[in-house]
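J.: need a 3D model of the sequence below.
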Amino acid sequence: MRFSLLSYGTCCADFLLGPLHYLKSLVSDCPGVATNPLYPPTYILTGTNDDTFSFMHHSVPFHEELVRQNIPTKLDLQPGLGHAFDIWLEIGSTVSEEVLKPAAQWCKQWVR
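T.: Here you go, the predicted structure:
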C-alpha cells in the first residue's frame, strides 16, 4: 500500500482524526467532578490564515468541546498568520514576545 500526504481540500474535516475526536471519545470515571481529569488544560494557538487546517473547522470546535467538558482552555486566533508561523521565529521577535510568551505564561500556571 502506498501513502501520500493529503493536499488542501482533498478530504472533509471529519476524515482527519485529531484531538477533538479523541476528546469526544473520553468518558470520565469521576461523575460530579468539575473538569474531565482525562484531558489536560489546553492552549490553542492558530493563525487565521492557516492553509493546512481551517481554524473554523478544527480549532474552534475543539475549543468549544473543551469548554463543554469544563476543561481549562484558551483559544488564541492570530489574524493573518499561517500554519506553523512560529517555526522560524527568533527569540525576542515581536511574535515571540507578543504571541508565544503569553501562551507559555498561560500554560505555566498549570505546571506543578
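
J.: so the spatially most central residue of the chain, which of the three states?
T.: For the chain, the residue nearest the mean C-alpha position is Ile44 (3.5 Å; Cα atoms, centre = their mean). Three-state assignment for Ile44 (DSSP: H, G, I helix; E, B strand; the rest coil): strand.

J.: hang on, it packs against Gln78?
T.: No - the criterion here is Cβ atoms under 8 Å, and Ile44 misses it with Gln78 at 10.9 Å. No exception for glycine: its C-beta is placed from N, CA and C like everyone else's.

J.: could you name the helices and strands sitting against the strand or helix carrying Lys101?
T.: Using DSSP states H and E, Lys101 sits within helix 101-108. Helix 101-108 sits against strand 42-47, strand 73-78, with contacts defined as 3 or more Cβ pairs under 8 Å, 6 or more residues apart in numbering; DSSP states H and E.

J.: pLDDT averaged over the last one - what is it?
T.: For strand 73-78, the mean per-residue pLDDT is 95.

J.: same deal with stretch 21-36?
T.: Stretch 21-36 comes out at a mean pLDDT of 62.

J.: going forward, count from 36.
T.: Sure, I'll start counting at 36 from here, so that last one is stretch 56-71.

J.: low-confidence bits of this structure, can you list those?
T.: For the chain, applying pLDDT under 70 flags the ranges 36-53, 62-71.
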